[in-house]
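>>> Predicted model follows, preceded by the sequence.
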Amino acid sequence: MRNILVTGAGGGLGSAMVKKFVEEGDYVFAADLNLENAQSVAQIYPGKVEAIELDVSNSDSVKSVIDYICKENELHVLVNNAGIQYRAKIEDFPEEKWDLLQNVMLKGPFLMTKYVFPYMKKQQHGRIVNISSVHGELATPEKVAYVAAKHGVIGLTRVAALEGAMHGITVNAVLPGPVKTPLLVKQLKDLEESRGMTEGEALNEIVYPKQAMQRFITAEEIADGVYFISSKHAKGITGETLSVSGGM
């Protein structure tokens with residue numbers, strides 16, 4: 001049995017990851033800024049998941065959680081999943097929203113890696129999976145902070161992979177494609193109603209220019225990718241990006 005830490009565990013992607021790891025026999029620390037959301041996930045798996053309150057953008061919070069877990073246990077896998085979204089044109093993008101998105105999605109994985117690295121180096125083993133996005137390799141209008149952060153996550157991943165390689169630590173990034181979230185559903189509905197588009201046409205219009213499968217990716221498919229890249233089957237893979245995007 002491995003010990004897993006998933007950030008943003010109270011959300012749709014995070015909870016799917018928790019479920020996948022539990023099904024594979026692992027013990028999961030489900031961390032979220034909203035403790036109630038994390039507890040709701042943990043309650044589904046009594047004795048197999050522990051809910052933890054965590055602000056990934058705060059170094060004191062990160063250090064406290066990492067120390068709490070690692071002083072009593074080996075931590076085998078860290079999944080940096082916490083994320084948020086805000087859309088606006090560059091000239092209208094609030095500076096505070098820019099800072100918030102960078103702090104959660106780029107500074108967060110940096111802090112988590114910074115504080116977990118000494119423990120993983122000591123145990124000479126570890127898997128870190130950073131959740132980037134297909135936006136880590138392409139751009140969409142009105143997502144300047146999100147796109148910048150997700151590009152940065154890939155850079156962080158590659159540096160951490162180099163520094164961790166000689167200590168038995170692999171660091172990789174998973175790049176999810178379009179997952180059906182409430183925010184995305186609203187945008188699609190607006191286009192369908194205002195311009196008479198099908199869901200597939202609207203998906204291409206506002207999310208990505210081309211996607212081979214022409215469908216949403218499920219949270220379970222993202223979780224499968226995360227599990228694989230953190231498993232024994234991927235022990236020779238580090239510093240890489242795994243796109244789970246339906247062919248983008």
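In hand now; what should we look at?
>>> from here on, contacts and neighbour counts on C-alpha atoms
Will do.
>>> can you list the residues that contact the host helix or strand of Gln102?
For Gln102, the host element (DSSP states H and E) is helix 95-102. Contacts to helix 95-102, defined as CA atoms under 8 Å, 6 or more residues apart in numbering, come from residues Gly83, Ile84, Gln85, Tyr86, Ala145, Tyr146, Ala149.
>>> Report the next helix or strand after that helix in sequence order.
Next element after helix 95-102 (DSSP H and E): helix 108-123.
>>> Could the C-alpha coordinates of the following helix or strand past that following helix be exported in PDB?
As assigned by DSSP H and E, the chain's next helix or strand after helix 108-123 is strand 126-131. Written as PDB, here are the backbone C-alpha positions of strand 126-131 (Å, rounded to 0.1, in the frame of the first residue of the first chain):
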ATOM      1  CA  GLY A 126       9.000   9.400  -5.000                       C
ATOM      2  CA  ARG A 127       6.500  10.200  -7.700                       C
ATOM      3  CA  ILE A 128       5.300  13.800  -8.300                       C
ATOM      4  CA  VAL A 129       2.600  14.400 -10.800                       C
ATOM      5  CA  ASN A 130       1.800  18.000 -11.700                       C
ATOM      6  CA  ILE A 131      -1.600  18.700 -13.300                       C
END
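>>> Can you identify the element that follows strand 126-131 toward the C-terminus?
That would be, after strand 126-131 and using DSSP H and E, helix 144-164.
>>> What are the buried residues along that following helix?
144-158, 160-161, 164 (16 or more other CA atoms under 10 Å).
>>> With stretch 53-72 instead?
Buried, per 16+ other CA under 10 Å, within stretch 53-72: Glu53, Leu54, Asp55, Val56, Ser57, Ser59, Val62, Lys63, Val65, Ile66, Ile69, Cys70.
>>> start to end distance for it?
One end of stretch 53-72 sits 18 Å from the other (CA to CA, to the nearest Å).
>>> Show residues contacting it.
So stretch 53-72 is in contact with 7, 31-35, 38, 52, 75, 82, 103-104, 107-109, 111-112, 115-116, 119, going by CA under 8 Å, 6+ apart.
>>> Next: stretch 9-25.
1-2, 4, 6-8, 27-28, 30-32, 34, 37-41, 45, 48-49, 81-82, 219-220, 222-224, 226-227.
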